[in-house]
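> let's see this in three dimensions:
(4 chains)
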Protein chains: 2
Amino acid sequence: MTRGGSVSQATGNSTIADVARRAGVSLKSVSRVINKEPHVSPKLLAKVSAAISELNYVPDPAARSLAGQRSFTIGLLFDNPSPHYTMKAIIGAYRACVAQGYHMRFDTLNSRSGSALLSSQLDAVVRNGRTDGFVLTPPLTDNREVLDYLERHNIQYVRIAPAIDPGRSAAVSIDDVAAAAQAAQYLCDLGHRIIGLVNGPPDHGAAITRRQGFIERLKSISPDIVLHEAKGDFLFESGISAGEALLSEDPRPTAIFATNDDMAAGLLVACGRCRLVVPDDVSLVGFDDSWIATSVWPYLTTVHQPIEDMAAEAVQLLLAQTKHGQPYEDHMLDYHLVVRESSSPPAEVTSDERTAHR
Amino acid sequence: MTRGGSVSQATGNSTIADVARRAGVSLKSVSRVINKEPHVSPKLLAKVSAAISELNYVPDPAARSLAGQRSFTIGLLFDNPSPHYTMKAIIGAYRACVAQGYHMRFDTLNSRSGSALLSSQLDAVVRNGRTDGFVLTPPLTDNREVLDYLERHNIQYVRIAPAIDPGRSAAVSIDDVAAAAQAAQYLCDLGHRIIGLVNGPPDHGAAITRRQGFIERLKSISPDIVLHEAKGDFLFESGISAGEALLSEDPRPTAIFATNDDMAAGLLVACGRCRLVVPDDVSLVGFDDSWIATSVWPYLTTVHQPIEDMAAEAVQLLLAQTKHGQPYEDHMLDYHLVVRESSSPPAEVTSDERTAHR
DNA sequence: AGCTAAACTGACATCGCTGTCAAACAGATT
DNA sequence: AATCTGTTTGACAGCGATGTCAGTTTAGCT
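Next comes the predicted model:
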């Protein structure tokens, strides 16, 4: 049987021994260079790097993980209803993994199942593949059972946008409070005074933080602002029902903020059903700047959070902490409000009044 | 230094040697059982399987790929504008990989770049990680440069929903022609006689096949049916503009079929802009049953294709063909029309007339 | 210059598994 | 019963890297 059919051939076929021979040094010295270990003289480094690039050498991950204790694989854990979010996180994390020569795997957990079930799911995930550590996405980030499990098993992890136990692990997030506050400010600046808010699920920390940031800012701007709240669960349908509830309030909100885009898209539907035009009759603002924000019309004004970058950053933190055992870092990334067609000043406000609120 | 921090420990720590000892056989015999190699007597099989399950043994993929020629990794290749499609394909393929103890990686190619660029992208992907084979998704499936490259390098691949060169490789698909025909039939059965069609990009085989199936059926039903066509590119925005073009035709279509859901969602917007109510004034039918079909209102009537299953099936075909070098199989999976709220009989048709067309 | 400590290098066993090849065994044939 | 053939089984050498540890330079002092 020929060796054809396998791609292994195509991959740079040189081994560490070839590099060592070419550079005129020992195997171990090459290994030191590859792994950026200490005790490598500049001269050695130069020789070896030259040989590596001449031979187009790429270390074999299988051999590395067999010989060493690392697996060169990290895992991404989900329990997220939004495929848009998930997709972006996967892409971002994957990019970072590839850049660092790591593999990525991902798994979904159902964190709402009982704790026995949850723990057996975790068992399965952990046994399933050797993994150097995990990146957790919301709402897993805020599930103490998961965190406890991981710590009990001495497994490294990094959280994306955690809402509880700050400092418990490395984390990368945006300032949800400030971001939601900016949305509130924006709506008020436009002149809105009767405002609706659609919450997310209570086990999703970001939902709480965003609500808090939004409400606090509203209050700090003026005590006269009327706020109506409605419950949601981050899913499209809940946006529809929340919207119908909100729009039947009296006085009716002239603007509604949803704590994610999927629900904001649902609000759009509710407005349509109530024969209200967005943004003329009602302004809508979402959160996430996910795919759906530009898959509906009008395009949603929303808070952009760099999910891909966050996931990539999380992977990097994880790898750094795996290697050097550094103290936990907490990275804050930038958000920004993206103004699109779903928001405008309220109809009855004149441009004079509006200016007064700037 | 302790071994803590790595998960390797947690993964069943028994090795093939433990199993061999426990079963009282040689290493190689255990290996034979694991790999389902021939020349294994029932007695041996029983002893070894028992030992394996008692020890909860799981072979170490790193060691396997180092020793053998397989990498236990397959690649998924994309150049797809629709994240919904992509996401589902990833999930499905991943599921199948995990079930077979394989790793999965995925990469995106920009197939519209020049051929030199394309080939260097392929080089990068192939060199990047050793891979036992690739699963191609549209429109890569119909890009002869990609197919040629893979074959030239003797790399196994399977295509999902290819539109050209049937039999050139193993493939898994649905019958796009019949599926689109069913959509046409459905619309006609409802009583529609003035019908719009939004095409996809011409380099996307499925766009062509679906168009063909739709039109042929329309013609076979009645020569009197009026058909208006508009160009699209499978993206949301193109649905809006195609919709606006179609809706300004005279006579105006009472139903429009889009060759994917994203464009159908765009049609919804166009209808809104033209102050037309869906489905009362215009019925809409999409294709794919992707996430967006239920992220807009009204929910889209659409043709469901089991993308996850198709991807999973593709992985299985790929692995089978890698192992046994079997002849190429072509698997057809089921589709079905999902009737939701975006379609209804045309306003002016009475229920009597409608019945006549059943 | 001479000596010690630190910096660097290399030989070799090892990780867990598969491929090769030869030995052991069983059943069929004479 | 002896031989032959074909099926099962096992011993052993790698796969390509890393970790250990001992050996060799260098640098820094007196």
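
> check contacts around the residue nearest the centre of chain A.
The structure's chain A has its C-alpha centroid closest to residue A:307; by Cα atoms, centre = their mean the separation is 4.1 Å. Listed by Cβ atoms under 8 Å, 6 or more residues apart in numbering or on different chains, the contact partners of residue A:307 are A:85, A:88, A:89, A:92, A:288, A:290. Backbone N, C-alpha and C define where each C-beta goes, glycine included.

> how does it look with 7 Å?
By Cβ atoms under 7 Å, 6 or more residues apart in numbering or on different chains, the contact set of residue A:307 is A:85, A:88, A:89, A:92.

> what does residue A:145 give?
With Cβ under 7 Å, 6+ apart, residue A:145 has these contacts: A:115, A:118.

> tell me, what's the model's pLDDT at it?
Residue A:145 is assigned a pLDDT of 93 by the prediction.

> quick one: it and chain B, what's the gap?
Distance from residue A:145 to chain B, counting by Cβ to the nearest Cβ, to the nearest Å: 17 Å.

> repeat for residue A:298
Applying Cβ to the nearest Cβ, the value for residue A:298 to chain B is 9 Å.

> nearest spatial neighbour of that residue, chain-adjacent residues omitted?
Leaving aside its sequence neighbours, residue A:298 sits nearest to residue A:341 (Cβ to Cβ, 6 or more residues apart in numbering or on different chains; 3.4 Å).

> residue A:252 now?
residue A:194 (6.9 Å).

> mind listing the residues bridging to the one you found?
On the basis of DSSP bridges, residue A:194 is bridged to residue A:226.

> how many neighbours does it have?
Close neighbours of residue A:194, defined as other Cβ atoms under 10 Å in any protein chain shown, add up to 18.

> go on, residue A:311?
Using other Cβ under 10 Å, residue A:311 is surrounded by 28 other residues.

> quick one, what contacts it?
Neighbours of residue A:311 in contact, by Cβ under 7 Å, 6+ apart: A:89, A:92, A:93, A:135, A:160.

> okay if I get the residues you listed as CSV plus secondary structure?
Output for these, formatted as CSV (DSSP: H, G, I helix; E, B strand; the rest coil):
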residue, secondary structure
A:89, helix
A:92, helix
A:93, helix
A:135, strand
A:160, strand
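
> between those residues, which is nearest DNA strand C?
Ranked by distance to DNA strand C (Cβ to the nearest atom of the strand), the contacts of residue A:311 are led by residue A:135 at 26.0 Å.

> per-residue pLDDT, that closest one?
96.

> got it, and the one 5 residues further on?
Model confidence at residue A:140, given as pLDDT, is 93.

> kindly report the same for residue A:115.
We have a pLDDT of 83 for residue A:115.

> what secondary structure does the closest residue to it other than its chain neighbours sit in?
The spatially closest residue to residue A:115, leaving aside those adjacent along the chain, is residue A:145, at 5.4 Å (Cβ to Cβ, 6+ apart). Classification of residue A:145 by three-state DSSP places it in helix.

> intersect the contacts of residue A:311 with the contacts of DNA strand D.
By Cβ under 7 Å from any atom of the strand, no member of the contacts of residue A:311 lies near DNA strand D.

> let's see if you can find the most crowded of those residues.
Within the contacts of residue A:311, most neighbours by other Cβ under 10 Å means residue A:135, with 33 neighbours.

> quick check, stretch A:310-321 touching DNA strand D?
No: taking Cβ under 7 Å from any atom of the strand as the criterion, stretch A:310-321 and DNA strand D are apart, separated by no less than 14.6 Å.

> in that stretch, what counts as buried?
Judged by neighbour count (16 or more other Cβ atoms under 10 Å in any protein chain shown), stretch A:310-321 contains these buried residues: A:310, A:311, A:312, A:313, A:314, A:315, A:316, A:317, A:318, A:319, A:321.

> mean confidence (pLDDT) on it, please.
For stretch A:310-321, mean pLDDT rounds to 93.

> same check on stretch A:27-37?
Stretch A:27-37 carries an average pLDDT of 88.

> does that stretch come close to chain B?
No: counting by Cβ under 7 Å from any Cβ of the partner chain, no contacts exist between stretch A:27-37 and chain B, the nearest distance being 13.5 Å.

> tell me how far that stretch is from the chain's mean position?
Chain-centre distance of stretch A:27-37: 34 Å, with Cα atoms, centre = their mean, to the nearest Å.

> quick check, residue A:284 in a helix?
No: judged by three-state DSSP, residue A:284 forms no part of a helix; its state is strand.

> what parts of chain A come near DNA strand D?
Within chain A, the positions adjacent to DNA strand D are A:15-17, A:27-28, A:30-31, A:34-35, A:59-60, A:63-64, A:66-69 by Cβ under 7 Å from any atom of the strand.

> quick one: low-confidence parts of chain A?
Residue ranges of chain A with pLDDT under 70: A:1-12, A:128-129, A:324-326, A:348-358.
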